[in-house]
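> sequence and computational prediction follow.
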Amino acid sequence: MPELPDVEFVRRRLTAALRGGTITSARSKDLRLLRPQSPAAFTRGLVGRTVREVRRRGKWLCLELDDGTRLFSHLGMTGWWHERGCDAPEERSERARIDVRRGKGRCRSLRYVDSRRFGRLMVARDDIPEWRELGQDPFAKGIHVGTLAAALASRRRAVKEVLMDQMVLAGIGNILATEGLWRARVDPRSRSDALSRADVTKIARGLEKAIRRQLATRKKPEGEWQDVFAVYGRSGEPCPRCGSTIARVVIGGRATAFCKGCQVRSWPRARQRESTPGQ
DNA sequence: CGGCATGTTGCGCA
DNA sequence: TTGCGCAACATGCC
């Protein structure tokens, strides 16, 4: 699940559960998720501290504690934080747990669940490079089109690959990039340096819309999340906008769905050809 | 059984 | 040195 809207959703829930609370217990035995740290360092870094704030940049979460310690959490492909009571049983694929007490409230317990274990959990005294090096976050103030246009123009790659570069836009994953480009009517194979300023603006607005839409879905009861994608995962089906059959290609090693009928491909002038290149 | 998956990293090769 | 393609990571689902 986790792309920007999912991580933002988790951030809000973690904030509600953790902010101002004191960590009474913190455990993880998962050496892969903790790498290169030890389970002891995880416990030692967190227990006894108070949670000041839960931040997010792109797909990264950061719990900021009262003494300046931070817990960085990346959800990878299948990670999620669940809020439970402290007496709740261990969940399937539970990899870490943090218990928190707040005033007279019930003991709350956050369970990190991650079947594939592609996520990360890192205790640090400072911001980590993975956090520092992230590009602009598209959520808070929207996408700065000039910055995005410059990043796209400086590369000669498929536009979709650049959008998914976390140093360009933090938090855009395969679904958002696919859906955002469909909304912008831009072919994901378009060369990033061949796009017009108008295209870049449409892409920015398309991504923002896709983010808002996905986040809105998260506000429903958890069992009722029904993500409705226009093209993602729908190759072979008709495009909801123009009716053409949705195509599937691989870009940067990732499955990519798009509509040849209404998504326009841009290509540098000198290399423009009659037949579509690369087929 | 094979294929595929919302993410990231690291390796070999050009 | 840089960039690119692709396998790997680990598990579950169809």
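Thanks, I have the structure now.
> neighbours of A:Arg117, how many?
Neighbour count of A:Arg117, defined by other Cβ atoms under 10 Å: 16. C-beta: built from backbone N, CA, C; applies to glycine.
> which residues touch it?
A:30, A:32-33, A:76, A:95 (Cβ atoms under 8 Å, 6 or more residues apart in numbering).
> which element is it on?
Of the helices and strands defined by DSSP states H and E, none includes A:Arg117.
> show me where the stretch 151-279 of chain A has strands.
Ranges of strands in the stretch 151-279 of chain A, per DSSP state E, counting those that start in this stretch, are A:246-251, A:254-259.
> next one: the stretch 1-150 of chain A
Counting by DSSP E, counting those that start in this stretch, the stretch 1-150 of chain A has strands at residues A:22-28, A:51-57, A:60-65, A:70-74, A:79-85, A:94-101, A:108-114, A:120-124.
> closest to DNA strand B out of those strands?
strand A:70-74 (6.2 Å; Cβ to the nearest atom of the strand).
> does DNA strand B have contacts with that closest one?
Yes: for strand A:70-74 and DNA strand B, the contact criterion (Cβ under 7 Å from any atom of the strand) is met by A:His74.
> ends of stretch A:47-65, what's the gap?
10 Å (Cα to Cα, to the nearest Å).
> in contact with whichever residue of the stretch 151-279 of chain A sits closest to DNA strand B, which residues?
For the stretch 151-279 of chain A and DNA strand B, the shortest gap (Cβ to the nearest atom of the strand) falls at A:Gly173, measuring 1.9 Å. Going by Cβ under 8 Å, 6+ apart, A:Gly173 touches A:2-4, A:59, A:164.
> just checking, A:Gly20 touches A:Thr50?
Yes: shown here, A:Gly20 and A:Thr50 form a contact pair, counting by Cβ atoms under 8 Å, at 6.8 Å.
> check the contacts of A:Arg117 against DNA strand C, which are close?
Within the contacts of A:Arg117, those near DNA strand C by Cβ under 7 Å from any atom of the strand are A:Arg32.
> DNA strand B contacts on the stretch 151-279 of chain A?
Residues of the stretch 151-279 of chain A lying near DNA strand B (Cβ under 7 Å from any atom of the strand): A:164, A:166, A:173-175, A:253-255.
> same check on the stretch 1-150 of chain A?
With Cβ under 7 Å from any atom of the strand as the criterion, the stretch 1-150 of chain A meets DNA strand B at residues A:1-3, A:6, A:58-59, A:74, A:76-77, A:116, A:118, A:130.
> could you identify the buried members of the residues you listed?
Buried members of these, counted by 16 or more other Cβ atoms under 10 Å: A:1-3, A:6, A:58-59, A:74, A:76, A:130.
> picking up where we left off before, adding pLDDT, write the residues of the stretch 151-279 of chain A next to DNA strand B out as JSON lines.
Below are these laid out as JSON lines (pLDDT from 0 to 100):
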{"residue": "A:Met164", "pLDDT": "95"}
{"residue": "A:Gln166", "pLDDT": "94"}
{"residue": "A:Gly173", "pLDDT": "95"}
{"residue": "A:Asn174", "pLDDT": "95"}
{"residue": "A:Ile175", "pLDDT": "95"}
{"residue": "A:Gly253", "pLDDT": "91"}
{"residue": "A:Arg254", "pLDDT": "93"}
{"residue": "A:Ala255", "pLDDT": "92"}
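> so which of those residues are also by DNA strand C?
On the criterion Cβ under 7 Å from any atom of the strand, A:Gly253 are the entries of those that sit beside DNA strand C.
> of the residues of the stretch 151-279 of chain A next to DNA strand B, just say which sits nearest to DNA strand C.
A:Gly253 (4.4 Å).
> how much space between that closest one and A:Glu161?
Separation of A:Gly253 from A:Glu161 (Cβ to Cβ, to the nearest Å): 9 Å.
> compare the two (neighbour count), which wins?
A:Glu161 (19 against 6).
> so the more buried one sits against A:Gly252, correct?
Yes: using Cβ under 8 Å, A:Glu161 makes contact with A:Gly252 at a distance of 4.3 Å.
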